[in-house]
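Participant: What shape does this take:
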Amino acid sequence: MQIEFLTELKKNPYKFGFPNFNNEAIPETEIIHLKQLYNKGNVFPKALRELLFLAGNYCYVFDYGINDSQEELQEFVRENLIENEKSLTRPFFAIDVYNAGDQFLFVYLDEGNDPSVYQATYYFEEVGWIKLIKPSLSELVKRLIIRVKEGVGPF
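Facilitator: Numbering: from 1, shown residues only. Presented below is the predicted three-dimensional model:
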């Protein structure tokens, strides 16, 4: 796959100063399976495909939680939405879970090839439980890599 948006992630395949913390890809067959499950077979945004291709199994700038796969991560988020009586009406894909799984980052799958990133918190009231994080997925990854290189955690 030609990397167009996540060039910084491709150039920095492991956590700066920790070469044993390598990003780990998932196979393209799994990416195809995921788009069938979560986007009705429609193509994922290019930046998301690149993230999964480069670091879908492990990414040092995102936390996939204790889940063993991207599919488990997606199901974890969706189950928590149901349990907390929340819903997202547009197709989405979670890219990070944190704060003991109480919050997650996600992209909508209908916002172009380099979509904006959103933060959701299950336990906030209905209004304000989703916040737009200004940068696109590629810009957020770039910023997080810089933080890691500076010796700070990604968040």
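Participant: where along the chain do the helices fall?
Facilitator: 7-11, 28-38, 46-55, 70-83, 137-149 (DSSP state H).
Participant: Out of the ones you listed, which is closest to Phe104?
Facilitator: Judged by C-beta to C-beta, the one of the helices of the chain that comes nearest to Phe104 is helix 70-83, at 5.3 Å. Placement of C-beta: from N, CA and C, glycine included.
Participant: where in the protein is pLDDT low?
Facilitator: Residues of the chain meeting the criterion pLDDT under 70: 17-19, 100-101, 124-127, 155.
Participant: In stretch 89-105, which residues are buried?
Facilitator: Judged by neighbour count using 16 or more other C-beta atoms under 10 Å, the buried positions of stretch 89-105 are Phe92, Phe93, Ala94, Ile95, Asp96, Val97, Gln103, Phe104, Leu105.
Participant: how about those, which pair is most distant?
Facilitator: Phe93 and Gln103 (15.7 Å).
Participant: Excluding chain neighbours, what is closest to the residue positioned nearest the centre of the chain?
Facilitator: The centroid of the chain falls nearest to Ile95 when counting by C-alpha atoms, centre = their mean (1.6 Å). Excluding the flanking residues, the one nearest Ile95 by C-beta to C-beta, 6 or more residues apart in numbering is Leu105, at 5.2 Å.
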